[in-house]
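1. missing the sequence, but the structure's below:
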């Protein structure tokens, strides 16, 4: 046991800490505040405290625990709202009211609640079990079957397993002989948050994480087990984008980390998430979600820990064979926590005051994403896809957090303030965004949806780039100075930009667009472009050919229900050909 030497905000220096390890958890002061050792020099330890430190004085005791900062993993994770160090906020409220008092201690997972444990068939006494092997299941919610696994460090012979019944997470449900000793298996595991959970093999990211958002799925996709960043200024729609990804993405588990966001925004998330309906089952989406809330007015050190808590929970469900989507909102606030603690440690600052290790810490976090073969002998495959929101000051993408994130992630969804001001949502700028998964997921589109996705996508990008160049010319000389063909390009490209890329998250149909419907809409948009521009090149009057009656139907195609779209799409394509041909024939007869 040591004692406090000095206090500087969340940073406490303690003496007499001989034998302490890096990242060891300690209890600080009379109230036993939770802290973590982040620097050691002889018998002096520097501690970041996860709670408010005002009133703590030199000379108070610091108690070692001998354990690193860890999370409890087991039934009870889903549907619960935790703070950054896995304290359930509803339990804290019951204890101390609406405002968190420091020193309050609660169990991360309920130890008295009983869950119905069902052993896996074929698992009997004498069976060999390996790390990660499933020995039973618990129906945690109507949407999540919680799989009880052998811990990663245990392997041996199963000498006892209980029959189906109700147990707490600390009750013994099995015993395993490792050859040297007997190990009791419960439904509870603990894991250090800063240590990645083990896996057999990291698989190539070749299956897209479909989300029903057209600009993402067809233009800038992310693969399962991949990484994506959503940078954008205030009001550009970062949080709504993450909500849409949580609700519609092709995953079974959602881990949402509110990292240093404003209290009112996090309150909106906490209130809104339980009301969101899961489109696949009709149940509340909270029934497959674990929420971690760490607002900007909470202690800064806990903000730094929150994303590690989130990714560890994500990896745990990945090991069960689930596809997990982790949303971190936002990594900029997390980086600011690093900067504040680094400043109090008097470390040499790097660009804009951030610590020199900002890039490596971001990489450590994003590298824990992946689609993997688990350690289980049945070669289960699971994935964790990380989507991190970035909040650059003033929307400046050249600032250090955005730039360091860009060096790591593979998909970049750049939110544009100008598009948001024009009410174009999602406000993803198609000229500055990119995806590094296009080549890898092309085969999936060909096999599961239809041919030509990559051809359509590349062609649409060329059209949008040409449109952008022409719009710059228009700003200089006006539209009348352009030849008719270029003006036709501007008009026809609007179909891709407004009728395809623009999507209404609040519309009951347009909020989600299946990959098959996306491909059909793509065909219509490009056919309209080809027919209109081709007709103008043949001499058709621009005003007439861009005002053909079917143009209104094209604008409404995004609102067509899935079961009506295929038939209507074929009709729209025929009308485009017929009406453009009528304009050409009228021009020929008139001349």
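-> Right, received. Where do you want to start? Being a predicted model, the structure only gives us computed values, none of them experimental.
2. all helices of the stretch 151-300 of the chain, in order?
-> 214, 238-248, 263-272, 300-319 (DSSP state H, counting those that start in this stretch).
3. Which of those sits closest to residue 528?
-> helix 214 (16.0 Å; Cβ to Cβ). To be clear about C-beta, it is placed using only N, CA and C from the backbone, and glycine gets the same treatment.
4. So which residues make contact with stretch 547-556?
-> By Cβ atoms under 8 Å, 6 or more residues apart in numbering, the list of residues contacting stretch 547-556 from outside reads 495, 498-499, 524-525, 528, 568, 572, 575-576, 579-580, 583.
5. how about a markdown table for the helices of the stretch 151-300 of the chain, with mean neighbour count and distance to residue 201 added?
-> Formatted as a markdown table, these follow (neighbours: other Cβ atoms under 10 Å; distance: least, Cβ to Cβ, whole Å):
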| stretch | mean neighbour count | distance to residue 201 |
| --- | --- | --- |
| helix 214 | 21 | 33 |
| helix 238-248 | 22 | 26 |
| helix 263-272 | 15 | 35 |
| helix 300-319 | 27 | 13 |
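6. Distance to residue 129 and mean pLDDT for these - can I get that in CSV?
-> Below are these laid out as CSV (distance: least, Cβ to Cβ, whole Å; pLDDT from 0 to 100):
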stretch, distance to residue 129, mean pLDDT
helix 214, 46, 96
helix 238-248, 34, 86
helix 263-272, 39, 72
helix 300-319, 15, 92
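7. Tell me which of these sits nearest to residue 17.
-> Checking these against residue 17 by Cβ to Cβ gives helix 300-319 as the closest, at 17.9 Å.
8. Which SSE is immediately downstream of that closest one?
-> Moving toward the C-terminus from helix 300-319, the next helix or strand (DSSP states H and E) is strand 323-329.
9. what sits against residue 344?
-> Neighbours of residue 344 in contact, by Cβ under 8 Å, 6+ apart: 8-11.
10. Please apply the same query to residue 179.
-> Contacts were defined as Cβ under 8 Å, 6+ apart; by that measure residue 179 touches residue 156.
11. tell me the pLDDT at it?
-> On pLDDT, residue 179 comes in at 85.
12. now residue 22, what's its secondary structure?
-> coil (DSSP: H, G, I helix; E, B strand; the rest coil).
13. For residue 184, see how far away it is.
-> From residue 22 over to residue 184 the distance is 30 Å, taken as Cβ to Cβ, to the nearest Å.
14. Check which residues of stretch 368-382 are buried.
-> 368-372, 374-376, 380-382 (16 or more other Cβ atoms under 10 Å).
15. circling back: which among the contacts of stretch 547-556 end up buried?
-> 495, 499, 524-525, 528, 568, 572, 575-576, 579-580, 583.
16. State the pair within the residues you listed that is farthest apart.
-> 568 and 583 (22.3 Å).
17. on that earlier part again, could you turn the buried ones of the contacts of residue 344 into a PyMOL selection?
-> Here is the PyMOL command that picks out the buried ones among the contacts of residue 344, judged by 16+ other Cβ under 10 Å:
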select buried, resi 9+10+11
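18. got JSON lines for the contacts of residue 344, with distance to residue 105 and secondary structure too?
-> As requested, those are exported to JSON lines (distance: Cβ to Cβ, whole Å; DSSP: H, G, I helix; E, B strand; the rest coil):
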{"residue": "8", "distance to residue 105": "24", "secondary structure": "strand"}
{"residue": "9", "distance to residue 105": "22", "secondary structure": "coil"}
{"residue": "10", "distance to residue 105": "18", "secondary structure": "coil"}
{"residue": "11", "distance to residue 105": "22", "secondary structure": "strand"}
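19. No further queries at this time; thank you.
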